[in-house]
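Undergrad: pasting the structure only:
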């Protein structure tokens, strides 16, 4: 039993780490109003890549439980690579401006914006 658990733990750890990152990045997408992008990436990641790969590795190649978790870990890795850039691009400039305005309204005399102190409310980024 210890041998089997020792085989699964590294793959399981990778899968749990990826799943946590997908949850956080999915929350960023939901919070910014891009729920459909997160849903599409979940659909593609788990149902089109992860589950078929898990079945292939587990049953066809006879990797057993390790194959199932390798398939799911691959799905979470692909999701992080897909959701990460998407979450980074969705309107982060406007959220930073709103945070700077809130800091200004609370009486802070400067806000940190791109590492530089500025007097007064920050201006929006132009991309």
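TA: Great, that's in hand. Values in this document were obtained by computation on a predicted structure and should not be read as measured data. Residues are numbered from 1 along each chain as shown.
Undergrad: now do the helices in the protein.
TA: 2-31, 35-42, 51-55, 64-89, 92-105 (DSSP state H).
Undergrad: got TSV for those helices, with mean neighbour count and mean pLDDT too?
TA: In short, each C-beta sits where N, CA and C put it, glycine included. Output for the helices of the chain, formatted as TSV (neighbours: other Cβ atoms under 10 Å; pLDDT from 0 to 100):
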stretch	mean neighbour count	mean pLDDT
helix 2-31	15	89
helix 35-42	16	86
helix 51-55	16	96
helix 64-89	19	88
helix 92-105	14	62
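Undergrad: so what's residue 83 closest to, chain neighbours aside?
TA: residue 25 (4.2 Å; Cβ to Cβ, 6 or more residues apart in numbering).
Undergrad: in this structure the one you found contacts residue 84, no?
TA: Yes: between residue 25 and residue 84 there is a contact under Cβ atoms under 8 Å: 5.9 Å.
Undergrad: and this protein, what are its domains?
TA: Following automatic domain parsing, one gets these domains for the chain: 2-90, 91-127.
Undergrad: so residue 63 touches residue 70, yeah?
TA: Yes: in this structure, residue 63 is within contact of residue 70 by Cβ under 8 Å, at 6.8 Å.
Undergrad: what is in contact with these two at once?
TA: Common neighbours of residue 63 and residue 70, using Cβ atoms under 8 Å, 6 or more residues apart in numbering, are residue 57.
Undergrad: isn't residue 11 right up against residue 66?
TA: Yes: in this structure, residue 11 is within contact of residue 66 by Cβ under 8 Å, at 6.0 Å.
Undergrad: list the contacts for the residue nearest to residue 83?
TA: Shown in contact with residue 25 (Cβ under 8 Å, 6+ apart): 38, 80, 83, 84, 86, 87.
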